[in-house]
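Asker: pasting the sequence and the predicted coordinates here, then a few questions.
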Amino acid sequence: MEIRALKKKHYKEVARIYQDGLDTGIATFETSVPDWKKFKKKFLKTCRFVAMIDGEVIGWCALSPASKREVYRGVAESTIYIAANYRSKGVGRKLLEHLVIASKNAGFWTLQASIFAQNRHSIYLHEQCGFRQVGVRERIAQRDGKWHDNILLEHRNNIE
């Protein structure tokens, strides 16, 4: 497996994997995959990666800004999606570990994740990569007419 910068040429496969995540109903409050233009606007240009095997994209990750305020320029929210047939095979861990290191090198001091309480696999993955639970947002929003709690996790990069 290799990890590369996420480029426009990868987006068709990235969008398919994103849709697979949406279809689970517990990956995000989003209900549709954005087009490439909206995707580029949503996620920071830095720290966008794909995991690949034999030229096939099997997972992706990216950062989005936690705030537009300058004081929070080093805080970002992490997003990660793995193709259904590659879940629970170590791909997510390698990709998220790569994202953590790249984020530190890019000057981010905190990564945040907001994960549906039912998405135990994602919570476990984040904890295995050094994230810690810092709170719960109870009934924060609805998806398909159902209220969901989000578990808040953070990873603190040791930046001085």
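Answerer: Received the coordinates, thanks. Numbering: from 1, shown residues only.
Asker: tell me the buried residues in stretch 91-109?
Answerer: Residues of stretch 91-109 classed as buried: 91-96, 98-100, 102-104, 108-109 (neighbour count, 16 or more other Cβ atoms under 10 Å). The C-beta positions use only the backbone N, C-alpha and C, and glycine is treated the same way.
Asker: can I get those residues in JSON lines including secondary structure, pLDDT and distance to residue 17?
Answerer: Rendered in JSON lines, the data for the buried residues of stretch 91-109 read as follows (DSSP: H, G, I helix; E, B strand; the rest coil; pLDDT from 0 to 100; distance: Cβ to Cβ, whole Å):
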{"residue": "91", "secondary structure": "helix", "pLDDT": "96", "distance to residue 17": "11"}
{"residue": "92", "secondary structure": "helix", "pLDDT": "96", "distance to residue 17": "12"}
{"residue": "93", "secondary structure": "helix", "pLDDT": "97", "distance to residue 17": "16"}
{"residue": "94", "secondary structure": "helix", "pLDDT": "97", "distance to residue 17": "15"}
{"residue": "95", "secondary structure": "helix", "pLDDT": "98", "distance to residue 17": "11"}
{"residue": "96", "secondary structure": "helix", "pLDDT": "98", "distance to residue 17": "15"}
{"residue": "98", "secondary structure": "helix", "pLDDT": "98", "distance to residue 17": "16"}
{"residue": "99", "secondary structure": "helix", "pLDDT": "98", "distance to residue 17": "15"}
{"residue": "100", "secondary structure": "helix", "pLDDT": "97", "distance to residue 17": "20"}
{"residue": "102", "secondary structure": "helix", "pLDDT": "97", "distance to residue 17": "19"}
{"residue": "103", "secondary structure": "helix", "pLDDT": "97", "distance to residue 17": "21"}
{"residue": "104", "secondary structure": "helix", "pLDDT": "95", "distance to residue 17": "25"}
{"residue": "108", "secondary structure": "coil", "pLDDT": "96", "distance to residue 17": "24"}
{"residue": "109", "secondary structure": "coil", "pLDDT": "95", "distance to residue 17": "29"}
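Asker: what's the farthest-apart pair in those?
Answerer: 91 and 109 (26.3 Å; Cβ to Cβ).
Asker: show me where this structure has helices.
Answerer: 11-24, 36-42, 91-105, 120-128 (DSSP state H).
Asker: could you dump those helices into a markdown table with distance to residue 84 added?
Answerer: Listed next are the helices of the chain as a markdown table, based on distance: least, Cβ to Cβ, whole Å:
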| stretch | distance to residue 84 |
| --- | --- |
| helix 11-24 | 5 |
| helix 36-42 | 20 |
| helix 91-105 | 11 |
| helix 120-128 | 12 |
